[in-house]
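Participant: no sequence for this one, just the structure:
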């Protein structure tokens, strides 16, 4: 698996660059950031719901009913988010905080998994902790101000992205020289 990581160094590197760019935009345009995130999340919910409906119609048995029901719920939530953005915003901002917390924990665990294989294992660990703290802040205080939330997401994204890009670049340096 470590060989795969070193040959795929560009995945964390590019992901990190995109996260840094997103973070800068989130800080520069906080109101637009939250609105765009909510609309993107709504589109994601609708697309996911349509995919689940399609899967539910293509399969048979008790699982198809679960797919259909979940698809309908996701489509309704997506439409609700678009139509009633303000009332959906608090819930969705909290969900974004939960997402950031989950990504942060996964990144930190990934960093711990690199311990003993790399001297740079601390970078994803720090990035994961920062992302987790940002997620917790959003969960605990979702409406301390949209700007504060966007800036927190932006700073967390910049730090996480920078650490991810550095980790990817470090993985690149571990490639065998004959390639």
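Facilitator: In hand now; what should we look at? Keep in mind it's a predicted model, so treat the numbers as computed, not measured. Residues are numbered from 1 along each chain as shown.
Participant: residues touching residue 103, list them.
Facilitator: By CB atoms under 8 Å, 6 or more residues apart in numbering, residue 103 lies in contact with 128, 131, 135. Yep, even glycine has a C-beta here, placed from its N, CA and C like the rest.
Participant: So it: helix, strand or coil?
Facilitator: helix (DSSP: H, G, I helix; E, B strand; the rest coil).
Participant: that older thread, which one of the contacts of residue 103 has the most neighbours?
Facilitator: Of all the contacts of residue 103, residue 131 has the most neighbours under the rule other CB atoms under 10 Å, reaching 29 neighbours.
Participant: Which pLDDT does the model give that one?
Facilitator: Here, the pLDDT recorded for residue 131 equals 89.
Participant: What of residue 179?
Facilitator: At residue 179, the model reports a pLDDT of 52.
Participant: For this structure, give me the ranges with low pLDDT.
Facilitator: By pLDDT under 70, the low-scoring segments of the chain are 1-7, 143-146, 178-179.
Participant: I figured residue 100 hits residue 135, correct?
Facilitator: Yes - if you go by CB atoms under 8 Å, residue 100 and residue 135 touch, sitting 3.2 Å apart.
Participant: what do those two both touch?
Facilitator: Common neighbours of residue 100 and residue 135 (CB under 8 Å, 6+ apart) are residue 156.
Participant: Now do the helices in the chain.
Facilitator: For the chain, the helices defined by DSSP state H cover 2-7, 10-28, 30-58, 62-83, 85-113, 122-140, 146-173.
Participant: buried ones in the third one?
Facilitator: So the one you mean is helix 30-58. Of the residues in helix 30-58, 30, 33-34, 37-38, 41-42, 45-46, 48-49, 52-53, 56 count as buried by neighbour count, 16 or more other CB atoms under 10 Å.
Participant: Relative to residue 93, how far out is residue 142?
Facilitator: Plainly put, residue 142 is 5 Å away from residue 93 if you go by CB to CB, to the nearest Å.
Participant: Can you pull the residues that touch both of these two?
Facilitator: Counting by CB under 8 Å, 6+ apart, the shared contacts of residue 142 and residue 93 are residue 149.
Participant: Next, the buried residues of stretch 81-95.
Facilitator: 81, 82, 88, 89, 92, 93, 94.
Participant: Which members of the residues you listed are the farthest-apart pair?
Facilitator: Using CB to CB, the buried residues of stretch 81-95 span at most 18.2 Å, a distance reached by 82 and 94.
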